[in-house]
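Engineer: Whatever this is, show me its structure:
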Amino acid sequence: MKNHRILIPVQNSTTWIGGSNYFMNLMEALYSLTDRKIDLMLISNGGPLHNRLDNLERLKFQLPQRDEGILKKMKRVFYRDALQRDELDTILSSQSIEVFSHGYGLGKRARTPVLHWIPDLQEKYFPQFFSSYELNRLTNYRKKIAYTEQLILFSSKSAENDFNLFFPKNNAKKFILSFSGQFRNIKEENFDLKCLNDLDINQDFFYLPNQFWKHKNHIVVLEALNILKMSGECPKVICTGSTEDYRNPDFFNQIKNKIVSYGLQEDFIILGLVDLNLVHILMTKSMAIINPSLFEGWSSTVEEAKSLGKKIILSNIPVHLEQKPERGHYFSPHNAEELSSLIKEVNDSYSQEEESKAMKSVEEKAKKRFQIFGEQYQEIILDVIKNA
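Structural biologist: Next up is the predicted model:
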């Protein structure tokens, strides 16, 4: 039987690496299924994911199809305002696309089912991080799909709960697909400590892999380190991620100023965007990972920590509690004292032997969780097709 043809739009950029990793892991999880019934087509606005597709030698499956002919046609209409895309629906139908997954509205007469994607409703809790244009666009879009019997894919139960709270009595059909991530086939020599020595990382450290967006809450980590420094024992924190926050262009300068004012230039090290292999090395070799975010859709950092069996210090926001990392240590995201105490506790009790055992013990669990991620996505797509 011929596989079902699905389209996913990949709007990625160097400022949203989490988005790129999400789609890469989704494709890898789906295409690793032995009973796969779905073929993916992609439309991308360029950026790291689009380029990486040509170099995915590590993937052991057929790459998702990129039909260059349809891409040229679709790019003329795809990046227009949502819910005004009758032309795009015509193109999808002509290419036998059965579901527009993670997509947007195709117009009132659309023949192709759209599975809208809502990772989170951050704008409802932190409107100050959004422009008035973004707030209006998101509100109108969410309201439109809430009350017109649309299909919506959420990244967490927390996001679905928020949607029901802010759009009561909605008639949308809702699905939940929680991301699972893992690193694969990274050569063992990449883990040599020489790599860290080349970066002048020659002592134990904590790892904070969040991009420098305001809601990622790097400030509380700096405040916690300042407390520890004043007590005479400040561990090193290594940070990676994009330093651009398009919503708050001056935010990274605020971070740099805070580092200087606290005298943390040797303790809070920013590497910026780095290769995925180096991310893996830093996660593996760290004493623990830190995720202090004020808000998340479904944290890839937390999922990667779970897959590696790493200890993680994370904010006690609802979605982090839902993710339930076995080696998680929670703190209030606005409480630097609490965070400093956890950092000190982990630092003082750190054992490389314990870390190695913990990491080895989760390998099979991680593989199973990743398989379930692919299976759940396929089940959702088949349900959408069945009831179209």
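
Engineer: who does the nearest residue to Phe23 once chain neighbours are set aside bridge with?
Structural biologist: Nearest non-adjacent residue to Phe23, counting by Cβ to Cβ, 6 or more residues apart in numbering: Val10, 5.1 Å away. All C-beta spots, glycine's among them, are computed from the backbone N, C-alpha and C. With DSSP bridges applied, Val10 shows beta-bridge pairing to Ser44.

Engineer: What's the separation between Val10 and Met24?
Structural biologist: Distance from Val10 to Met24, counting by Cβ to Cβ, to the nearest Å: 9 Å.

Engineer: again, but for His116
Structural biologist: On the measure of Cβ to Cβ, His116 and Met24 end up 21 Å apart.

Engineer: Compare these two (neighbour count), which wins?
Structural biologist: His116 (23 against 20; other Cβ atoms under 10 Å).

Engineer: Check for me that that one belongs to a strand.
Structural biologist: Yes - counting by DSSP: H, G, I helix; E, B strand; the rest coil, His116 is found in a strand.

Engineer: That one reaches Thr148, doesn't it?
Structural biologist: No - applying Cβ atoms under 8 Å as the test, His116 and Thr148 come out as separate, 10.6 Å apart.

Engineer: Rounded mean pLDDT for the strand or helix carrying Leu40, please.
Structural biologist: Element membership of Leu40 [criterion: DSSP states H and E] is strand 38-44. For strand 38-44, mean pLDDT is 80.

Engineer: Tell me the buried residues in that strand?
Structural biologist: Applying a neighbour-count criterion of 16 or more other Cβ atoms under 10 Å, one finds Ile38, Asp39, Leu40, Met41, Leu42, Ile43, Ser44 buried in strand 38-44.

Engineer: same question, stretch 100-116
Structural biologist: So, applying 16+ other Cβ under 10 Å, buried residues of stretch 100-116: 100-106, 110, 112-116.

Engineer: Tabulate these in TSV, adding columns for pLDDT, secondary structure and distance to Ser307.
Structural biologist: As requested, the buried residues of stretch 100-116 are exported to TSV (pLDDT from 0 to 100; DSSP: H, G, I helix; E, B strand; the rest coil; distance: Cβ to Cβ, whole Å):
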residue	pLDDT	secondary structure	distance to Ser307
Phe100	91	strand	29
Ser101	94	strand	24
His102	91	strand	22
Gly103	85	strand	28
Tyr104	76	coil	31
Gly105	72	coil	34
Leu106	74	coil	35
Ala110	78	coil	37
Thr112	89	coil	34
Pro113	92	coil	32
Val114	92	strand	31
Leu115	95	strand	25
His116	94	strand	28
